[in-house]
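Trainee: sequence and predicted structure are below.
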Amino acid sequence: MSTPPAGDDRHVPEDRRTEEEPILSVRNLQTVFHTDRETIRAVDGIDLDIYEGETVGLVGESGSGKSVTARSIMGLVDEPGEILPGSSIKFQGEEITGYDTKQYQNLRGSGIGMVFQDPLSSLNPVFTVGNQIREALKVNRGITGEAAREEAIDLLEAVQIPDASRRLGEYPHEFSGGMRQRAVIAMMLACDPEVLICDEPTTALDVTIQAQILDLLRELQEDRGLSILFITHDMGVIADVTDRVNVMYAGEIVEKAPTEELFAAPSHPYTRGLLEAIPGQQAGQERLRTIEGDVPTPNEPATYCRFAPRCPQAFDDCEAVHPELVGVTEGETEHTAACLLYPEDMSTGEAVAYHERLGGDSSGTDESGAAGDGDVAADGGRSTGDRGRDSVDGGDGR
Amino acid sequence: MNKLLYIAKRLLLGIPVVLFGLTMTFVIIYLSPFDPMTAILGRDSDPETARQLAIALGLRNPDGSPVPLWIQYKDFLVETITFNFGQSWVVTRGQPVGALVWERMPATVWLGFWSVLIALIFGIPLGLYAGLRSNTWGDYTASFGGIVWRAMPNFWLAVMLAGLLSAGGALSFYRGFLIPTDVIGTSDAIGALFGGFTPISSLEWLRIPVPNLYNWAAGFKWILPAALVLGSSSMGNEVRIGRTAVLESINAPYIDTAKAKGLSTRSIIGKHVARNAMIPLLPVIMGEFYLLIGGSVLVELIFGIRGLGNLFLSAIFASDVPIIGALTYVFILIIVFFNIAQDIAYTIIDPRIGLEGGNE
């Protein structure tokens, strides 16, 4: 599972990025939670693009804001959470952050579907699996009656549940964990979504089942041209299924790269730490290497590097300058990292000044501010067409 | 098929419970300071009359020797179970107890029916409302109201309400409001809820009762204060448990999944939340029936309703053992019945609850 990726065929060609609109595009997303004492900046200005038919990974420790990102896209952020103005989420070119409940209900399911972490509790225990699948068919595709039953059987067969017609009449508790996750996936497929967000869909499952589910997702993606946002903390899973990866830390994206590139040449110290923490990567050592400490709770706009306290390569400027997402080498757009050590070909002093300038230019402190500068990519290799707007948003948002 | 077997099994298992209940009743009556002889004959009675009475009551054999306890126990069991309750000793001397219970039944059923219904009609929706609007003023008002209703003991509430409704009380207008009715005492309306029977189609034997709407209205108005008192604490419970149940369900991951499917709010609440919220509410609703049995004694006494609770109380004060035995038996049957009904309802609402024990 933790073998380096090999699936070149899945890799989205470079050139399509410049021509095609991403199906889902997130810009400067800031989701905060208001508590009595402070405001938690769970997601603090992230950019993300998903193109049709590709799988984008979002990886990070628990508490780094991955799930909140997913919920923000789905419009499932409830009180006391809030998506700050200036955030932008575009689905098929349409801004969805301002949607009301009704519009979100139309979007969910048929537009964006989501598979949640815990298959044991994501099915309603008091209704049969068939009932819950047919419900999705009815709401999203208007299929009812006998047609819905047949479609539900097809879907269960598509997710490789044997004896599907009998299984339809069973309750979730009669399914095993892996079966339930398959049933949830079948239910989401019943909605016929364009984008499927998978929020740690295999975390609660054991590894053999996990492998089956991942294979299943890959097959379904090929068959149906799904775009998948895959959220996990498991680098092995990332290597297995994704085309591009976004590494998230404390509400910010700290590194973006094509999957192979990320595993071949991880740039951000945090990414390196994550990769080193995979058992088996360092056979012969007595203990598994880990990243010391915990993810901090981001409760103020970052004016420093949030990873610095845990970073083995931190230096003084890390406490004073907020790193922007920049190419790992100058001019690089596919592989970016938010670390003062980059761009690699600058001296440290130059790089720090560069980051300061990027941060200052956009009068913001988030990475999207960097987008204001035409020569860096906030997101791997997009055209620079809408950069200007981003930087304005970044400024307004504060 | 499996379900029928389960129901049969539960009914069968109810039998020992009923027997045990009756045994306890017998033991308690025997151990209690009831003295039916004195109760029936008064303090200074003729020894010969007393001897004949003892024989008639089955306490002594015709030859004067005392009837052994186990025979008394056996007679009590057999007679009670076969609904052969005998005659009242004191309360309405000589009247068959069965007929007496039958006669008093409608008032109590009427009272119980409305107190359960009123509690349900107000309690459940208020609980759902409070849960769906948690931590808003609406929720605080509903929850606070629920706690107040729950906290007012029914003996106190009954006395207060009876006082307010009586002549000179702040609510005394209620008696003349719309339909003149008494609020204290037993209304004649409940004896005449149905004005005869009407045959359906050509089948002469298949008849449906024709409700007398005026008497329904009058009966409802008459019972409302008593039903409100009797249902008060249940209503409070339903608000509180309903709120918790909704909150628990609405924050469950399967609700997120339902939302992710694009379901409407109405469908999410009406289908996914409501069904799950019913699970913890069921025992509260069923528990109402037990409360009614205890509560009806008190409420019927204060509101002067000639029902089973009232009869039970007079029987105890008068040491009228046949009535006590008969009513206890009826109460045991009701409780066992609702227990079984609750278990069956559980298996319908929550499929995770197996019909067999332990095998999933």
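Mentor: It's in. Numbers count the residues shown, from 1 in each chain, chains lettered A, B, ... in the order given.
Trainee: and residue 64, how many neighbours?
Mentor: Assuming you mean chain A. Residues lying near A:Ser64 (other C-beta atoms under 10 Å in any protein chain shown) number 26. In short, each C-beta sits where N, CA and C put it, glycine included.
Trainee: think we crossed wires, I meant chain B
Mentor: 9.
Trainee: right, and it touches B:Glu48 too?
Mentor: No - using C-beta atoms under 8 Å, B:Gly64 is not in contact with B:Glu48; the gap is 11.6 Å.
Trainee: which stretches of the chain have low pLDDT?
Mentor: Since no chain was named, I'll use chain A. For chain A, the stretches with pLDDT under 70 are A:1-19, A:281-284, A:361-398.
Trainee: the chain in question should be chain B.
Mentor: Within chain B, the stretches with pLDDT under 70 are B:1, B:176, B:187-210, B:354-360.
Trainee: how about the closest residue to chain A within it, what does it touch?
Mentor: Scanning chain B for proximity to chain A using C-beta to the nearest C-beta identifies B:Gly262 as nearest, at 2.8 Å. Shown in contact with B:Gly262 (C-beta atoms under 8 Å, 6 or more residues apart in numbering or on different chains): A:Gln105, A:Asn106, A:Leu107, A:Arg108, A:Gly109, A:Ser110, A:Ala136, A:Val139, A:Asn140, A:Cys191.
Trainee: name the helix or strand for the first one, please.
Mentor: Put plainly, it is A:Gln105. helix A:101-107 (DSSP states H and E).
Trainee: check the offset of that helix from the chain's centre.
Mentor: Its chain's C-alpha centre and that of helix A:101-107 lie 22 Å apart, by C-alpha atoms, centre = their mean, to the nearest Å.
Trainee: can you check stretch B:47-59 too?
Mentor: With C-alpha atoms, centre = their mean, you get 37 Å for stretch B:47-59.
Trainee: go ahead and produce CSV holding the CA coordinates of that stretch.
Mentor: Output of stretch B:47-59 as CSV, limited to C-alpha atoms (Å, rounded to 0.1, in the frame of the first residue of the first chain):
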residue,chain,number,x,y,z
PRO,B,47,-70.4,-15.0,67.5
GLU,B,48,-72.7,-17.2,65.6
THR,B,49,-73.1,-14.7,62.7
ALA,B,50,-69.4,-14.3,62.7
ARG,B,51,-68.9,-18.0,62.5
GLN,B,52,-71.3,-18.3,59.5
LEU,B,53,-69.6,-15.4,57.8
ALA,B,54,-66.2,-16.9,58.2
ILE,B,55,-67.5,-20.1,56.6
ALA,B,56,-69.1,-18.1,53.9
LEU,B,57,-65.9,-16.2,53.2
GLY,B,58,-63.9,-19.4,53.0
LEU,B,59,-61.9,-18.6,56.1
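Trainee: buried ones in it?
Mentor: Residues B:Leu53, B:Ala54, B:Leu57 are the ones in stretch B:47-59 that count as buried (16 or more other C-beta atoms under 10 Å in any protein chain shown).
Trainee: now stretch A:298-308
Mentor: Result for stretch A:298-308 [16+ other C-beta under 10 Å]: buried residues A:Pro298, A:Ala302, A:Cys305, A:Arg306, A:Phe307, A:Ala308.
Trainee: with stretch B:65-76 instead?
Mentor: B:Gln72, B:Phe76.
Trainee: re earlier: what's the helix holding A:Gln105 in contact with?
Mentor: By C-beta under 8 Å, 6+ apart, helix A:101-107 touches A:Met74, A:Gly75, A:Phe91, A:Ile96, A:Tyr99, B:Gly262, B:Leu263, B:Ser264, B:Thr265.
Trainee: run a quick neighbour tally on the residue lying closest to A:Asn299 once chain neighbours are set aside.
Mentor: Computed as C-beta to C-beta, 6 or more residues apart in numbering or on different chains, the closest residue to A:Asn299 that is not its neighbour in sequence is A:Glu38, at 4.4 Å. Residues near A:Glu38, counting by other C-beta under 10 Å, number 12.
Trainee: just A:Thr242 next, same as before
Mentor: 25.
Trainee: got a list of what it touches?
Mentor: Neighbouring residues of A:Thr242 by C-beta under 8 Å, 6+ apart: A:Pro5, A:Thr55, A:Val56, A:Gly57, A:Phe230, A:Thr259.
Trainee: roughly how far does it sit from chain B?
Mentor: A:Thr242 is 21 Å from chain B, where distance means C-beta to the nearest C-beta, to the nearest Å.
Trainee: likewise A:Asp44?
Mentor: Taking C-beta to the nearest C-beta, one finds A:Asp44 at 23 Å from chain B.
Trainee: excluding chain neighbours, what is closest to that residue?
Mentor: A:Gly251 (3.7 Å).
Trainee: with B:Ala54 instead?
Mentor: Nearest to B:Ala54 is B:Arg60, by C-beta to C-beta, 6+ apart, at 4.2 Å.
Trainee: so what's that neighbour bridging to?
Mentor: B:Pro66 (DSSP bridges).
Trainee: and it, how many neighbours?
Mentor: By other C-beta under 10 Å, the residues close to B:Arg60 number 17.
Trainee: in chain A, what residue is nearest chain B?
Mentor: Taking C-beta to the nearest C-beta, chain A has A:Gly109 as its residue nearest chain B, at 2.8 Å.
Trainee: was I right to think that residue contacts A:Arg141?
Mentor: No - contact criterion C-beta under 8 Å: A:Gly109 and A:Arg141 do not qualify, at 9.2 Å.
Trainee: the more surrounded of the two?
Mentor: More crowded of A:Gly109 and A:Arg141, by other C-beta under 10 Å: A:Gly109, with 25 against 16.
Trainee: ok, back up a step: any of the contacts of helix A:101-107 buried? List them.
Mentor: For the contacts of helix A:101-107, buried by 16+ other C-beta under 10 Å: A:Met74, A:Gly75, A:Phe91, A:Ile96, A:Tyr99, B:Gly262, B:Leu263.
Trainee: of all these, which two lie farthest apart?
Mentor: A:Phe91 and B:Leu263 (18.8 Å; C-beta to C-beta).
Trainee: chain A contacts on chain B?
Mentor: Contacts of chain B with chain A, taken as C-beta under 8 Å from any C-beta of the partner chain, map to B:252-254, B:256-265, B:267, B:271-272, B:275-276, B:279, B:349-352, B:360.
Trainee: sorry, back to before: give me the common contacts of A:Gly109 and A:Arg141.
Mentor: Taking C-beta under 8 Å, 6+ apart as the contact rule, A:Gly109 and A:Arg141 both touch A:Cys191.
Trainee: show me where the stretch 51-200 of chain B has helices.
Mentor: B:69-81, B:97-132, B:137-151, B:154-165 (DSSP state H, counting those that start in this stretch).
Trainee: how about the longest helix along chain A: buried residues?
Mentor: As assigned by DSSP state H, the longest helix anywhere in chain A is helix A:207-224. Of all the residues in helix A:207-224, those buried under the rule 16+ other C-beta under 10 Å are A:Ile209, A:Gln210, A:Ala211, A:Gln212, A:Ile213, A:Leu214, A:Leu216, A:Leu217, A:Arg218, A:Leu220, A:Gln221.
Trainee: okay, the residues you listed in CSV with distance to B:Ile15 next?
Mentor: CSV is the format used below for the buried residues of helix A:207-224 (distance: C-beta to C-beta, whole Å):
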residue, distance to B:Ile15
A:Ile209, 48
A:Gln210, 52
A:Ala211, 55
A:Gln212, 51
A:Ile213, 51
A:Leu214, 56
A:Leu216, 53
A:Leu217, 56
A:Arg218, 60
A:Leu220, 56
A:Gln221, 61
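Trainee: from those, list the ones also adjacent to chain B.
Mentor: Okay, of the buried residues of helix A:207-224, nothing touches chain B (C-beta under 8 Å from any C-beta).
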